[in-house]
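# below is the sequence, then the predicted model.
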Amino acid sequence: MSAPRAVPVTLLVVSTLTLALPLAGCGVLSSGKGRPTGAVATGERLAVVDDIKAWTTTEQAHVGQEIHRDANGNVVAVSDLYADQRRTHHKPIWYPVQGLTRLADEDFFRITHDTPSLRITVRSRARARRQLRIGQIMVVGGAGAAIGALLVSRTLVKAILAGGGLVTACTGWYLGNAASKRLETDYHAVNRRTAEEDARRYNEGLGSSTQLELGVSGMF
């Protein structure tokens, strides 16, 4: 009775490894360090700058079909044709600067003495790093469970290990991917209005003698 179930269980194991192992090598296992911190006040004015983030991706796109015929001209097969296509993506972003130097949010709120916003930002990144580590462990653990399933002879145990590994790896990827996004330099735990108000208040304290000329996108 176990033989008929061996094929689907084996397929489940292979599917788990096919999904879990690539996930283990993708961005979920990145360090998530974010923008370096440690900048200090230089006496230059602060500002919140708008910019456009652009990046490209390569995707497989269906571009047509190839018809195969026999010697008599009869259609015997049809093949789909695919080609790499590059797509450009754009996303509006904002970030704080001191003079012409881009600042990490932590440094910006430290310079402006906005302790509540600094605390929120630090806690957000700390929680995201913990979540990222959990996601990494789950992805690797799920892949390990799938590998272990290959070494088990009992069909039920094999299925439990493979299925559990698949669910664990996918859940870990979801958690790690969400955490990675919160660790990107373009993510802000505090809203823009708060940052603008901090910059205005800080600049008022500097006086009106210092001027700041902001450049176009891409200078920071």
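It's in.

# what about Q131, distance to T185?
Per Cβ to Cβ, to the nearest Å, Q131 is found 18 Å from T185. Quick note: C-beta positions are derived from backbone N, CA and C, even for glycine.

# more crowded one of these two?
Using other Cβ atoms under 10 Å, the more surrounded residue of Q131 and T185 is Q131, with 18 against 15.

# next up, the contacts around the more buried one.
175-176, 178-179 (Cβ atoms under 8 Å, 6 or more residues apart in numbering).

# next, give me the two most distant ones among these.
Maximum pairwise distance in these, criterion Cβ to Cβ, is 7.4 Å, between G176 and A178.

# so the residue of the chain most remote from its centre: helix, strand or coil?
For the chain, the residue at maximal distance from the C-alpha centroid (Cα atoms, centre = their mean) is N72, at 53.7 Å. Using DSSP: H, G, I helix; E, B strand; the rest coil, the secondary structure recorded for N72 is coil.

# what's the pLDDT at it?
With respect to pLDDT, N72 scores 83.

# got phi/psi on it?
phi -90, psi 0 (degrees, to the nearest 10).

# hey, which helix is longest across the chain?
Counting residues, the longest helix found in the chain (DSSP state H) is helix 115-150.

# flag every buried residue along it.
When burial is assessed from 16 or more other Cβ atoms under 10 Å, helix 115-150 yields the following buried residues: 117-118, 120-122, 124-125, 128-129, 131-132, 135-136, 138-147, 149.

# surely Y202 touches D114?
No: judged on Cβ atoms under 8 Å, Y202 makes no contact with D114 at a distance of 9.0 Å.

# the strands in the chain, which residues?
Counting by DSSP state E, the chain has strands at residues 46-69, 75-98, 101-102.

# partners of the last one, with directions?
Same thing as strand 101-102. Strand 101-102 has its sheet partners listed here by DSSP bridges as strand 75-98 (antiparallel).

# for the first one, same thing?
Its sheet considered, strand 46-69 pairs with strand 75-98 (antiparallel) by DSSP bridges.

# so where's the protein uncertain?
Residues of the chain meeting the criterion pLDDT under 70: 1-34, 208-220.

# hmm, try it at 80
Across the chain, the ranges flagged by pLDDT under 80 are 1-35, 62-63, 146-147, 149-153, 207-220.

# just to revisit the earlier point, which one of G176 and A178 has more residues nearby?
G176 (27 against 14).

# pretty sure that one is touching V139, no?
Yes: using Cβ under 8 Å, G176 makes contact with V139 at a distance of 6.6 Å.
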